[in-house]
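Asks: Sequence below, structure please.
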Amino acid sequence: MKDLQMKQGTMKDVQNERDYRNVAINKVGIKGIRYPITVLDRNHGKQHTVASINMYVDLPHENKGTHMSRFVEMLHLFRPNIALKTFSDILSQMKEHLNAASAHMEVTFPYFIEKKAPVTHSPGLMDYTCRLDGAIDSDGRVDLISEVSVPISSVCPCSKEISTDGAHNQRGMVILKTRFKKFIWIEDMIELVERAASCEVYSVLKRSDEKFITEKGYNNPKFVEDIVRDIAVELKADENITWYSVAVENFESIHNHNAYAFITSGPQPKLLT
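Replies: Okay, the predicted model is just below:
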């Protein structure tokens, strides 16, 4: 019977059958698909990378299932231009293509920037984890959040004050999330964070470079509280930023715990549902 249905082009579509449990689903879709994408690069125009992508739509109570293969078809349709500027278009097409009232997409990818050492100017690539979260609702309203994770270095002001020689320092991580009115460069957000640290982190350092950054950090000690506040001050002054959150975590070098600080410009809003 099944072979006959296939030959006649009448294969049963289980997803389109009716469900009688009267329970709607907020999000249904695919998670963790790895896909090549191209993102805008301020210095080089475009950058090729590989993203981990989650895609969801809502499912009405009367529908048994969604069409999972269509999510992958959408990626192929927009490849390789999955980026901040095209996010709204992708969400709109997802909603239309899957006959849904709302759609969500989360794209996480490594972004590479060439950084030269401060003294020798030796080049090296730094990778930053970036994420784009987007949603569109039944009225066509789009909500986007851009996120960057930036490694930093900090020197403890208290340690410097009480020590005769030296001060403890450590690497940390800043996670910056923003909502905005118009396009923002990934590089701008990274540079904003790095300015607030005791010192930047580099991938390649010679001895003269190491001397420079050690002394720079020592002369610019910062608590996690200082770093998160300095970032917040810059974001607050930027009229393009409509909402932000900043989390700073130091991987302490002399404690068996980490130091942490968090600031948000308002209640943590959820992406449209």
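Asks: for this structure, what's the longest helix?
Replies: helix 224-237 (DSSP state H).
Asks: list the helices and strands the helix or strand that comes right after that helix packs on?
Replies: Using DSSP states H and E, the next helix or strand after helix 224-237 towards the C-terminus is strand 241-250. Strand 241-250 sits against strand 169-180, helix 224-237, strand 259-264, with contacts defined as 3 or more C-beta pairs under 8 Å, 6 or more residues apart in numbering; DSSP states H and E. All C-beta spots, glycine's among them, are computed from the backbone N, C-alpha and C.
Asks: Now the last one: buried residues?
Replies: I take that to be strand 259-264. Within strand 259-264, the residues that count as buried by 16 or more other C-beta atoms under 10 Å are A259, A261, I263.
Asks: Let me see the ranges of the strands in the chain.
Replies: Using DSSP state E, the strands found in the chain span residues 25-41, 45-59, 103-116, 123-136, 142-155, 169-180, 241-250, 259-264.
Asks: Out of those, which is closest to R18?
Replies: Taking C-beta to C-beta, strand 45-59 is the member of the strands of the chain nearest to R18, at 12.3 Å.
Asks: Tell me the buried residues in the closest one?
Replies: Q47, T49, A51, I53, N54, M55, Y56, V57, D58, L59.
Asks: and the fifth one, how far is that from R34?
Replies: When you say that, I think you mean N54. 11 Å (C-beta to C-beta, to the nearest Å).
Asks: that older thread, want to try TSV for the strands of the chain, with distance to T10 as columns?
Replies: Listed next are these as TSV, based on distance: least, C-beta to C-beta, whole Å:
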stretch	distance to T10
strand 25-41	26
strand 45-59	25
strand 103-116	30
strand 123-136	34
strand 142-155	39
strand 169-180	48
strand 241-250	51
strand 259-264	55
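Asks: would TSV of those strands with mean pLDDT and distance to S163 be doable?
Replies: Shown next, in TSV, are the strands of the chain (pLDDT from 0 to 100; distance: least, C-beta to C-beta, whole Å):
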stretch	mean pLDDT	distance to S163
strand 25-41	92	42
strand 45-59	93	42
strand 103-116	96	30
strand 123-136	96	30
strand 142-155	96	11
strand 169-180	96	12
strand 241-250	97	17
strand 259-264	97	18
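Asks: Let me know which of those strands is the nearest to V201.
Replies: strand 142-155 (4.5 Å).
Asks: ok now do the residue nearest the centre of the chain, which residues does it touch?
Replies: By C-alpha atoms, centre = their mean, the mean C-alpha position of the chain lies nearest to R131, the distance being 1.9 Å. Counting by C-beta atoms under 8 Å, 6 or more residues apart in numbering, R131 touches E106, V107, T108, F109, S146, E147, V148.
Asks: now, which of the residues you listed sits nearest M126?
Replies: So of the contacts of R131, ranked by how close each gets to M126 (C-beta to C-beta), first place is V148, at 11.9 Å.
Asks: Find the nearest non-adjacent residue to the closest one, please.
Replies: M189 (4.9 Å; C-beta to C-beta, 6 or more residues apart in numbering).
Asks: Quick check: the one you found touching V174?
Replies: No. The pair M189 and V174 fails to qualify as a contact (C-beta atoms under 8 Å) at a distance of 9.9 Å.
Asks: Output the buried residues of strand 45-59 as JSON lines; include the columns distance to L40.
Replies: JSON lines is the format used below for these (distance: C-beta to C-beta, whole Å):
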{"residue": "Q47", "distance to L40": "8"}
{"residue": "T49", "distance to L40": "11"}
{"residue": "A51", "distance to L40": "14"}
{"residue": "I53", "distance to L40": "17"}
{"residue": "N54", "distance to L40": "21"}
{"residue": "M55", "distance to L40": "21"}
{"residue": "Y56", "distance to L40": "25"}
{"residue": "V57", "distance to L40": "26"}
{"residue": "D58", "distance to L40": "30"}
{"residue": "L59", "distance to L40": "33"}
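Asks: quick one: which of these is nearest I136?
Replies: Proximity of these to I136 (C-beta to C-beta) peaks at V57, which lies at 9.8 Å.
Asks: Any idea what the closest one is bridged to?
Replies: V28, A103 (DSSP bridges).
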